[in-house]
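Student: how would this look folded up:
(chains A and B)
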2 protein chains.
Amino acid sequence: MTQSYVHGYSEREAERLFDQAETLTCLIHHDSIFPPGSRILEAGCGTGAQTCILAGKNPRCEFVSVDISHTSLAIAEKRVSAAGLSNVTLQHADILGDELPFGMFDHAVFCFVLEHIRKPEEAIRRVMKMVKPGGTVTAIEGDHGSVCFHPESEKALMAIRCQVLLQERAGGDACIGRKLYPLLVSSGLTDVMVSPRLVYADGGRPDLATGFTEKTFIAMIQGIRDPAIAAGLMSAKDFDEGISDLIRSAQKDGTFSYTFYKGRGINP
Amino acid sequence: MTQSYVHGYSEREAERLFDQAETLTCLIHHDSIFPPGSRILEAGCGTGAQTCILAGKNPRCEFVSVDISHTSLAIAEKRVSAAGLSNVTLQHADILGDELPFGMFDHAVFCFVLEHIRKPEEAIRRVMKMVKPGGTVTAIEGDHGSVCFHPESEKALMAIRCQVLLQERAGGDACIGRKLYPLLVSSGLTDVMVSPRLVYADGGRPDLATGFTEKTFIAMIQGIRDPAIAAGLMSAKDFDEGISDLIRSAQKDGTFSYTFYKGRGINP
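Tutor: Numbers count the residues shown, from 1 in each chain, chains lettered A, B, ... in the order given. Predicted coordinates for the structure are as follows:
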């Protein structure tokens, strides 16, 4: 995990991730429940948005949430303490390194992490070694190829494509969601089960159009404006038009669909 | 509705539609329930696949299922009688014509019909006149732009695009699902509510990979092979490669996602 994190590490980005976590909690985490007493590894906790949800929903479990970025961990530290959570230990570690002991966890979770890793299968295999036999590994990922919005526009699709390309150049995969099932299976997990979680916003759901389409998805695409233009992927004018077009889909007569995939397998 | 029906009227096509109906019944129709005693107009019943589901789930309602095609109605007639349904009246009618009386129905349903109509808003407005004030109009549509499959291939996407283009040339819209909300609202319906229904198949769900990905979706795309090639949209070789690639997504390590949209509004 030596590649750069495509979304950057700014405070604004941290806020975006927090908004996203709020809006999507129910859809993505309603079934993120572990047996009381479990010791859980959160691999790649980032700024702690998912950490707070997971630890809050499982107060009788103990979380060890690790990340490779000190900057992210500092934000996560503030967030975890602001949430008054006492069941989280934040730790600096590279999942692919040797800081973490083997066989010490009952379960492990990757939330929006595998998409940023050059060799996701290697990361899963590594984390499997840290989980006891019979424990589970869960992965949650989006897929930018799943967007389906109205009105559709070529420039909006191109702006989204910029994010996919930049993430690819950084060694990641913004379209990993659809690949979760074969990825978990080929990593060696058994009884793999993947379920899609579709977020849909239209004029009848203005909160979701604001909270997800605008504040989460469009904000994320806007976040790669400078690197996309610097890389010559789009002109500033075209990119900004693409963003304007995307914003149209969050208006009263627009619609926006995006699919997350959540998968889980058992460590044999 | 004078344009041609892009899928054709063959027996094989009728069988495909029946397979689809079987696999998708639960996802799409689990909430297709009307108050006992209701008189319901099914606008564009085609070969009766959805008719049998709707009438079977609502035995105490009366259905008048109309279609513009005598060929389709003949198949629907056989299917309805084979299902032993006594609450369906099949009738030849053009929704845009003046065969149907105004204000005689409690509710109306369009299943996979608006996508084939040049002016869907006009058809909805017309059907609204046939429904009593306070009654509902329901519409169910797919969206070919919602496909998200693995492994992805350019030729597979092109083959799907052929279907979109042919349907467009026939006056329809294979990507109408995402537009359902604004369409129902602009037609004048109130309290419009649209919900997406995502079909997801992977190696862990082989029945769905066969029943939906292969027998429904890929069979439909295969069904437009000849017109697509005749129209010069793709070479036979490329089209067949696209189909092979799509079939890959129904194999053990492939995945396939498709979204249907179901909307309902109240006739003011």
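Student: buried set for stretch A:241-249?
Tutor: Neighbour counts over stretch A:241-249 (16 or more other Cβ atoms under 10 Å in any protein chain shown) mark A:241-243, A:245-246, A:248-249 as buried. Every residue, glycine included, has its C-beta placed from N, CA and C.
Student: now those residues as a markdown table including pLDDT, distance to chain B and secondary structure?
Tutor: Formatted as a markdown table, these follow (pLDDT from 0 to 100; distance: Cβ to the nearest Cβ, whole Å; DSSP: H, G, I helix; E, B strand; the rest coil):
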| residue | pLDDT | distance to chain B | secondary structure |
| --- | --- | --- | --- |
| A:Glu241 | 98 | 20 | helix |
| A:Gly242 | 98 | 17 | helix |
| A:Ile243 | 98 | 19 | helix |
| A:Asp245 | 98 | 14 | helix |
| A:Leu246 | 98 | 14 | helix |
| A:Arg248 | 98 | 11 | helix |
| A:Ser249 | 98 | 9 | coil |
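Student: quick one: name the residues of the stretch 101-250 of chain A near chain B.
Tutor: Contacts of the stretch 101-250 of chain A with chain B, taken as Cβ under 8 Å from any Cβ of the partner chain, map to A:143, A:145-146, A:148-150, A:152, A:175, A:177-182, A:185-186, A:192-196, A:198, A:200, A:202-204.
Student: can you list the low-confidence ranges for chain A?
Tutor: A:1-5, A:7-9, A:11-23 (pLDDT under 70).
Student: centroid-nearest residue for it?
Tutor: Nearest residue to the geometric centre of chain A (Cα atoms, centre = their mean): A:Phe112, 2.1 Å.
Student: from memory that residue sits against A:Gln50, does it?
Tutor: Yes: counting by Cβ atoms under 8 Å, A:Phe112 does reach A:Gln50; the two are 7.2 Å apart.
Student: mutual contacts of these two, please.
Tutor: When contacts are counted by Cβ atoms under 8 Å, 6 or more residues apart in numbering or on different chains, A:Phe112 and A:Gln50 have A:Ile140 as shared neighbours.
Student: thinking again about what came up before, quick one: which of the residues of the stretch 101-250 of chain A next to chain B sit in strands?
Tutor: Secondary structure from DSSP state E places A:148-150, A:192-196, A:198, A:200, A:202 of those in strands.
Student: what two of the residues you listed are the furthest from one another?
Tutor: Spanning the widest gap among these are A:His150 and A:Val192, at 33.6 Å by Cβ to Cβ.
Student: neighbours around A:Gln167, how many?
Tutor: Other residues within reach of A:Gln167, judged by other Cβ atoms under 10 Å in any protein chain shown, total 22.
Student: what bridges to the closest residue to A:Phe105 other than its chain neighbours?
Tutor: Residue nearest to A:Phe105 in three dimensions, not counting chain neighbours: A:Leu41, with 4.3 Å by Cβ to Cβ, 6 or more residues apart in numbering or on different chains. A:Leu41 has these beta-bridge partners by DSSP bridges: A:Val64, A:Ala108.
Student: chain B versus the residue of chain A most remote from its centre, what's the distance?
Tutor: Distance from the C-alpha centroid of chain A peaks at A:Lys237, with 29.0 Å (Cα atoms, centre = their mean). Going from A:Lys237 to chain B by Cβ to the nearest Cβ, to the nearest Å gives 26 Å.
Student: related to what we said a few turns ago, pull out the buried residues from the residues of the stretch 101-250 of chain A next to chain B.
Tutor: A:143, A:145-146, A:148-150, A:152, A:175, A:177-182, A:185, A:192, A:194, A:196, A:198, A:200, A:202-204.
Student: all helices for the stretch 51-200 of chain A, in order.
Tutor: A:70-82, A:120-130, A:154-169, A:180-186 (DSSP state H, counting those that start in this stretch).
Student: among those helices, which is the most enclosed?
Tutor: Ranked by mean neighbour count, the helices of the stretch 51-200 of chain A are led by helix A:180-186 with a mean of 23 (mean count of other Cβ atoms under 10 Å in any protein chain shown).
Student: what lies in contact with that one?
Tutor: Residues contacting helix A:180-186 (Cβ under 8 Å, 6+ apart): A:114, A:120-121, A:124, A:137, A:139, A:141, A:176, A:192, A:194, A:261-265, B:150, B:202-204, B:253-255.
Student: same question, stretch A:63-77
Tutor: When contacts are defined by Cβ under 8 Å, 6+ apart, stretch A:63-77 is touched by residues A:1, A:5, A:9, A:11, A:14, A:39-48, A:51, A:54-55, A:87-95, A:99-100, A:105.
Student: what of stretch A:48-55?
Tutor: Stretch A:48-55 has contacts (Cβ under 8 Å, 6+ apart) with A:14, A:17-18, A:20-21, A:25, A:29, A:32, A:40, A:42, A:45, A:61, A:63, A:65, A:72, A:75-77, A:79-80, A:83, A:85, A:87-88, A:90, A:109, A:111-112, A:140.
Student: of the residues you listed, grab the buried ones for ChimeraX.
Tutor: A single ChimeraX command suffices to select whichever of these are buried according to 16+ other Cβ under 10 Å:
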select /A:14,17,18,20,21,25,29,32,40,42,45,61,63,65,72,75,76,79,80,85,88,90,109,111,112,140
